[in-house]
Every structure is written in structure tokens, then in C-alpha cells.
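Q: Give me a 3D structure for the following:
(one chain, ligands or ions: 2)
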Amino acid sequence: MGYFDPEPKTRRTDFFDYEEQLEEFRRGLKYSKLVAVAGLRRYGKTSLILTALNEMKAEYVFFDCRLLPSGMLSIHDVISLLERELSRRSWFRSLAETIEGVEVGGFGVRFRRRDFSTLVSVLERLEGRVLVLDEVQELRRSRYRFDSLLAHLYDHADVKVVVSGSQIGMMYRFLRVENPSAPLFGRPFYTVRLRPLGRGPAREFLLRGFEQEGLEPPADMVEEALDLFDGVIGWLTYFGYSYSRLGVRDLRSVLEMAARLAYEELSHALQIYGVARPRYEAVLKITAERDPASWSEILRYVESRVGRVPRNTLSGIIKNLTDMGLLEKTAEGYRVPDPVLRHAVRTFLKA
Ligand SMILES: Nc1ncnc2c1ncn2[C@@H]1O[C@H](COP(=O)(O)OP(=O)(O)OP(=O)(O)O)[C@@H](O)[C@H]1O
Ligand SMILES: [Mg+2]
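A: Numbers count the residues shown, from 1 in each chain. Ligands and ions are numbered 1, 2, ... in the order given. Predicted structure coming up:
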């Protein structure tokens with residue numbers, strides 16, 4: 001193990017810094033029943049959650065919503081994933097014996113009835129445990145009201161819930177905490193916000209990581225990596241891993257590999273927009289090229305590529321991209337916040 005291990009970190013010894021956020025997370029979990037961890041892709045949300053819970057010796061269920069199938073979700077999809085996760089938790093075995101409708105055998109945990117009310121009654125029984133819903137915005141793709149389920153647990157069960165989201169705006173659209181007619185409205189909850197490392201800590205992360213690997217890369221390469229990856233801990237880890245364990249010693253090659261990965265993720269994320277996708281791509285293209293781009297620059301470019309687009313349609317597209325964390329509004333204009341994705345859009349996106 002060590003800093004450059006690519007998996008989400010689970011132990012404090014492999015987890016760099018973020019002391020303040022760890023403390024906030026602990027405090028949030030102590031005083032609130034719902035904690036949201038917000039941060040763009042690769043900012044270290046999953047690592048923070050797992051490291052903090054393990055350090056607190058909390059018993060938890062880690063439900064990774066990214067493992068759900070794409071398209072509309074059925075209750076069967078959700079239950080199957082939950083069964084898999086519960087099967088890995090030794091403490092759940094003895095608990096399961098007391099829950100009606102749940103069986104445990106050599107095959108693991110199985111729900112006898114696979115419906116919403118069984119799901120609710122199993123989750124209610126996680127008394128004293130923590131339910132983690134990683135990338136919770138994925139649960140929006142369902143006709144079931146999972147936000148009602150969370151409100152129900154909040155009000156009636158001794159279960160703490162941690163949600164995380166890299167698509168921060170989408171996470172809040174799912175939780176609908178600001179909508180007076182929505183189930184979770186008015187329930188106090190705690191937010192832990194993750195941000196990229198500053199240049200000093202980012203340098204320290206790389207140097208200590210390389211030291212763990214017994215390597216000392218050229219100082220100018222480290223500085224260039226700091227320029228390229230903008231303090232995003234996941235990309236710094238990717239660089240350290242590629243350099244030390246894959247033997248990729250040239251920074252440009254690391255950037256190309258990272259950009260391909262980011263581009264694939266982008267393609268996947270844009271799938272849901274179907275025929276409107278070229279409009280989304282055109283917005284990203286001009287934004288990444290101009291860095292930043294103004295609203296009217298975006299409009300002009302998009303119309304030059306795909307024909308007339310009503311202004312409110314363009315606003316909707318920009319809002320969706322922003323809520324997905326692919327775009328951000330700054331005082332100077334719109335930007336693609338992730339440095340690698342910005343490079344990927346410039347290099348690979350033909351829009
Ligand atoms: N504090 C940390 N110390 C060391 N490595 C870290 C830390 N935080 C994150 N990492 C590393 O950075 C990468 C991204 O971390 P993680 O998966 O936890 O982030 P995330 O925000 O959940 O990302 P995603 O949005 O992709 O789910 C992983 O390789 C992880 O090991
Ligand atoms: Mg994650």
C-alpha cells in the first residue's frame with residue numbers, strides 16, 4: 001500500500017492529510033443523521049468516507065451506486081447490489097437471522113421478497129450502523145422515491161446515512177433538500193466539501209509518495225505535474241502510480257493516458273442526452289478551448305455547429321453540465337474545472 005495505490009484508501013496510514021475534512025466528517029456523523037460528502041471526480045470522497053469510518057470503527061454498509069446498471073433502475077437492481085454488499089459484512093449475518101424475509105446461507109444474503117417495502121424494513125434494521133450511498137445521484141434514475149426512503153430512515157430509524165456525489169448539483173437535485181414539498185426538506189444535514197490540494201501540500205503528497213516507492217523523480221518533472229494536475233489528489237495518485245509502478249517515466253504519456261480515461265468517462269456520462277448530445281459536446285468544446293468562455297461565445301459556437309438553439313435550451317444544457325461537475329461558472333466565464341478533462345476535450349472531442 002501507500003499513497004500511490006490506485007484504490008480508494010481505507011486506512012489512515014495510506015491517507016494523506018485532509019485532517020480538517022476528516023474531523024468535519026466525524027463531527028457531522030456524531031451530530032447529524034445525514035452527512036453529504038461533496039467533491040468533483042477524484043477529489044477523494046470515497047477515500048475520506050472509508051478511512052474515517054474505519055478509523056471510527058463504525059459498522060457500515062457501503063452501497064456503491066455506480067455499480068448499478070445504466071438506464072432506468074428497478075428495485076431488483078437495487079436489492080441485488082445490496083444483497084452483495086450485505087453478504088460481505090460479517091456483522092450482518094447474526095442480524096439477518098432476526099429479520100423476516102431475509103435468508104443467509106452459503107450463497108450469502110438473500111431477500112425472499114424483492115420489493116420496496118422489504119428494502120425499507122431491512123434498512124430500518126441496520127440500527128446503530130451507517131449506510132453509505134456513494135454517488136447517490138445515480139438513484140435518481142428510478143420511479144421509486146429513494147429520497148422518501150432516506151427521509152423515512154431519518155425520522156424513524158436509528159441509522160445514519162452518508163451520501164456522496166461527484167455530480168454535486170445532481171446530488172442536490174436528488175436530495176431536493178431545498179424544495180418545501182420534498183420529503184427531506186427541513187431535515188438538518190451536514191456537508192463536507194472536498195477541494196483540490198494547494199500547491200504546497202500537493203508537492204508534499206508527491207514527494208512523500210515517491211519516497212514510499214523508493215524513487216526520486218526529477219524536481220522539474222514534479223513541478224510540471226503540479227501544473228498539470230492542479231492539486232486533484234486522484235490525478236496526482238494516477239501520476240505517481242503510472243510513474244512508479246507502470247514505469248511510465250514521461251509526463252506527456254501519463255497525461256495522454258489520463259485524458260483517454262477522462263474522455264471515456266465523459267462519453268459515458270453524456271450518453272443520457274441522446275440526440276441532444278452534440279449540443280452538450282459543442283458547449284464543452286468551446287469552453288475547454290477558450291478557458292474561460294463567455295455565455296455569448298458559447299451560444300455563437302454552438303449555433304455555428306448544430307444550428308439554432310433557443311436561449312433557454314442552452315441555459316438548460318449549461319445547468320446540466322454544471323450540475324454534473326463538468327462545467328463551472330467563474331467570475332471570468334465558464335470553464336471545464338478538471339484539468340485533465342479540459343485537455344481531453346481539446347484533444348479528442350470533435351465538436
Ligand atoms: N487523502 C488521500 N490520500 C492518498 N490518496 C488519496 C487520498 N484521497 C484520494 N486518494 C487517491 O485518489 C484517487 C481518487 O480517490 P477516491 O476514489 O477516494 O476519490 P473520489 O472522489 O471518490 O473519486 P470518484 O469521483 O472517481 O469516485 C484514488 O486513487 C485514491 O487512492
Ligand atoms: Mg468515489
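
Q: Give me the contacts around the lengthiest helix in the chain.
A: Longest helix in the chain by number of residues (criterion: DSSP state H): helix 251-270. For helix 251-270, the external contacting residues (CB atoms under 8 Å, 6 or more residues apart in numbering) are 41, 221, 224-225, 228, 235, 238-239, 242-243, 248, 277, 280-281, 284, 324, 326, 338, 340-341, 343-345, 347-349. Any C-beta I mention is one placed from the backbone N, CA and C, and that applies to glycine too.

Q: Pull that helix out as PDB, backbone CA atoms only.
A: Extracted in PDB, the C-alpha atoms of helix 251-270 (Å, rounded to 0.1, in the frame of the first residue of the first chain):
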ATOM      1  CA  LEU A 251       4.700  13.100 -18.100                       C
ATOM      2  CA  ARG A 252       3.100  13.700 -21.500                       C
ATOM      3  CA  SER A 253       2.400  10.000 -21.800                       C
ATOM      4  CA  VAL A 254       0.800  10.000 -18.300                       C
ATOM      5  CA  LEU A 255      -1.400  12.900 -19.400                       C
ATOM      6  CA  GLU A 256      -2.500  11.200 -22.600                       C
ATOM      7  CA  MET A 257      -3.400   8.100 -20.700                       C
ATOM      8  CA  ALA A 258      -5.300  10.100 -18.100                       C
ATOM      9  CA  ALA A 259      -7.000  12.100 -20.700                       C
ATOM     10  CA  ARG A 260      -8.200   9.000 -22.500                       C
ATOM     11  CA  LEU A 261      -9.700   7.700 -19.300                       C
ATOM     12  CA  ALA A 262     -11.400  11.100 -18.600                       C
ATOM     13  CA  TYR A 263     -12.700  11.100 -22.100                       C
ATOM     14  CA  GLU A 264     -14.200   7.700 -21.800                       C
ATOM     15  CA  GLU A 265     -15.900   8.700 -18.600                       C
ATOM     16  CA  LEU A 266     -17.300  11.800 -20.300                       C
ATOM     17  CA  SER A 267     -18.700   9.800 -23.300                       C
ATOM     18  CA  HIS A 268     -20.400   7.500 -20.800                       C
ATOM     19  CA  ALA A 269     -21.900  10.400 -18.800                       C
ATOM     20  CA  LEU A 270     -23.200  12.200 -22.000                       C
END
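
Q: ok so, going back, helices - which of the contacts of helix 251-270 land there?
A: Using DSSP H, the contacts of helix 251-270 in helices are 221, 224-225, 228, 235, 238-239, 242-243, 277, 280-281, 284, 340-341, 343-345, 347-348.

Q: So which residues of the stretch 51-200 of the chain form helices?
A: Assignment of helices within the stretch 51-200 of the chain using DSSP state H, counting those that start in this stretch yields the ranges 75-87, 90-96, 116-124, 146-156, 168-175, 199-212.

Q: Quick check, Ile97 in contact with Val104.
A: Heads up, residue 97 is Glu, not Ile. Yes: with contact defined as CB atoms under 8 Å, Glu97 reaches Val104; the gap is 7.0 Å.

Q: Now, of the contacts of helix 251-270, which are buried?
A: When those are checked for burial by 16 or more other CB atoms under 10 Å, the buried set is 41, 221, 225, 228, 235, 238-239, 242-243, 248, 280-281, 284, 324, 326, 338, 340-341, 343-345, 349.

Q: ok, and the closest non-adjacent residue to the residue in the stretch 51-200 of the chain that ligand 1 sits nearest to?
A: The nearest approach of the stretch 51-200 of the chain to ligand 1 comes at Ser166, 3.8 Å away (CB to the nearest ligand atom). Leaving aside its chain neighbours, Ser166 sits nearest to Arg41 (4.6 Å; criterion: CB to CB, 6 or more residues apart in numbering).

Q: Spit out the contact partners of the one you found.
A: Counted by CB under 8 Å, 6+ apart, Arg41 has contacts 166, 234, 265, 325, 338.

Q: try it again with 10 Å
A: With contact set as CB atoms under 10 Å, 6 or more residues apart in numbering, Arg41 has these partners: 135, 166-167, 232, 234-235, 262, 265, 269, 324-326, 337-338, 340-341.

Q: Out of those, which comes closest to Ile79?
A: Nearest to Ile79, judged by CB to CB, of the contacts of Arg41 is Glu135 at 18.0 Å.

Q: Just confirm that closest one contacts Gly39, I think it does.
A: No: in this structure, Glu135 is not within contact of Gly39 by CB atoms under 10 Å, at 11.4 Å.

Q: Run the chain-centre distance for stretch 32-43.
A: 8 Å (CA atoms, centre = their mean, to the nearest Å).

Q: no no, stretch 64-77
A: Stretch 64-77 has its C-alpha centroid displaced from the chain centroid by 16 Å (CA atoms, centre = their mean).
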